[in-house]
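S.K.: Below is the structure, and that's it, no one-letter string:
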């Protein structure tokens, strides 16, 4: 980078930091600290970041600026002594938003590859939709849904969607030469995705998930034809409504259900329809996989359960590069999760003192494996082209699912906090990864 570019970047950084410092001083001097003042800071900071494509011609100064701001805000938060603290941070709330905000903006700037619309739209949604939805949710919210460390409101999420739709439409209209129908559909797709990413977030992670997630969706769909966009929009809206409609059949919190929506979008964008249908079937049936004695359990599972299932699936999605090369281990991982869900509670059976407990355990695991295998692999037969090798792989799958499920059951101690403990979800994800790896090895 030339000396003149470095000087321009430094000057712009000093200007932005000076405006931010002045804003914070004015708010601390003339307003009472509240969520409204904090969201005003969030909005103005986001809107100021919209100037970056014209201030900086490379990602380096943006990255440096984001690091500096992260350090400054983290220092203010840790000290808790500055008069600016109540203006910036909510007392008692656990959040890393002060780090996620500059990280989200800088990542969006780097990943947009110089496409101004793909930077402006996500950051404008973060600045406007996130702030307005929080304020509307606090003032008018009455229907709450749970996230990891608190709750959000349906009214706030609806406000987020409406604001995100308008923001995306206006920014794309200004910075894109596409036709009006194209812009409308892309804006709606971006808004639906952003709403899902915001709803699943907690602890300030929306400052990262919303801009980066929205950018990745825009990068995928903005080059599609109007017919392709119609299909994508239909699938996005359909998945959103389907997952929410089926939530009563699940044991997931509201934020976790929205995380499922986000995962489904990733499945469709990276893999296509076949890779989307399998997790949809899994989501619709997984509560049915649970033992009958747990069929009436109140919804208790958090987003960490979704991350456990999604982590292995996303790995195979990325490895496949929009082909069906690894859909067999992908399906095996899902079926392993289903078998673990179906058999995870067998320690709570009344057979603990039974002389044949080991045989009963093996029988219970085997039944769970066959049930989960049929749920995942029967649909797989209809959505992929079958060859002799595929048929053999499908009928070998229960072996790998059984090994992984037995490993989980025999190494897991069931306790009062078993259902949502982080160790449970990490171990379940690891066992699913083992099952899918065994499936892959069997195809070599």
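M.R.: Cool, got the structure. What you see is a predicted model; the values in this text were computed from it and never measured.

S.K.: Got the phi and psi for residue 301?
M.R.: Phi and psi for residue 301, reported as degrees, to the nearest 10, are phi -80, psi 140.

S.K.: Quick one: neighbours of it, just the number.
M.R.: Look at residue 301: counted by other C-beta atoms under 10 Å, it has 20 neighbours. The C-beta positions use only the backbone N, C-alpha and C, and glycine is treated the same way.

S.K.: pLDDT score for residue 224?
M.R.: Per-residue pLDDT puts residue 224 at 88.

S.K.: State the distance from it to residue 178.
M.R.: 10 Å (C-beta to C-beta, to the nearest Å).

S.K.: now swap in residue 65 and tell me
M.R.: 31 Å.

S.K.: So the two - more neighbours on which side?
M.R.: residue 65 (25 against 17).

S.K.: Okay, and the more buried one sits in which element?
M.R.: Per DSSP states H and E: residue 65 is located in helix 59-79.

S.K.: cool, residue 152 as well?
M.R.: strand 150-153.

S.K.: which secondary structure elements does the helix or strand that that strand is followed by contact?
M.R.: Going down the chain from strand 150-153, the next helix or strand is helix 154-175, by DSSP H and E. On a contact count with 3 or more C-beta pairs under 8 Å, 6 or more residues apart in numbering; DSSP states H and E, helix 154-175 meets helix 116-124, helix 130-140, helix 180-200.

S.K.: just how off-centre is the shortest one within its chain?
M.R.: Read that as helix 116-124. 19 Å (C-alpha atoms, centre = their mean, to the nearest Å).

S.K.: Packing partners of that helix?
M.R.: Using 3+ C-beta pairs under 8 Å, 6+ apart: helix 116-124 touches helix 35-49, helix 52-55, helix 97-111, helix 154-175, helix 180-200, helix 206-221.

S.K.: and with 7 Å instead?
M.R.: helix 97-111, helix 154-175, helix 206-221 (3 or more C-beta pairs under 7 Å, 6 or more residues apart in numbering; DSSP states H and E).

S.K.: how about those helices in CSV, adding distance to residue 434 and mean neighbour count?
M.R.: Output for the helices and strands packed on helix 116-124, formatted as CSV (distance: least, C-beta to C-beta, whole Å; neighbours: other C-beta atoms under 10 Å):
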stretch, distance to residue 434, mean neighbour count
helix 97-111, 32, 23
helix 154-175, 37, 20
helix 206-221, 29, 24
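
S.K.: do you know which of these lies nearest residue 72?
M.R.: Proximity to residue 72 (C-beta to C-beta) singles out helix 97-111 among the helices and strands packed on helix 116-124, at 8.9 Å.

S.K.: Okay, now the unreliable bits of the stretch 301-444 of the chain?
M.R.: Applying pLDDT under 70 to the stretch 301-444 of the chain flags residues 322, 344-360, 386-388, 413-420.

S.K.: so where do the helices sit in it?
M.R.: 303-320, 327-343, 357-383, 388-411, 422-443 (DSSP state H, counting those that start in this stretch).

S.K.: Rebuild the ones you listed as a markdown table, extending it with mean neighbour count and distance to residue 236.
M.R.: A markdown table is the format used below for the helices of the stretch 301-444 of the chain (neighbours: other C-beta atoms under 10 Å; distance: least, C-beta to C-beta, whole Å):
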| stretch | mean neighbour count | distance to residue 236 |
| --- | --- | --- |
| helix 303-320 | 20 | 17 |
| helix 327-343 | 29 | 21 |
| helix 357-383 | 17 | 20 |
| helix 388-411 | 18 | 30 |
| helix 422-443 | 19 | 26 |
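
S.K.: so can I have JSON lines of those showing distance to residue 133?
M.R.: Formatted as JSON lines, the helices of the stretch 301-444 of the chain follow (distance: least, C-beta to C-beta, whole Å):
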{"stretch": "helix 303-320", "distance to residue 133": "19"}
{"stretch": "helix 327-343", "distance to residue 133": "32"}
{"stretch": "helix 357-383", "distance to residue 133": "36"}
{"stretch": "helix 388-411", "distance to residue 133": "39"}
{"stretch": "helix 422-443", "distance to residue 133": "29"}
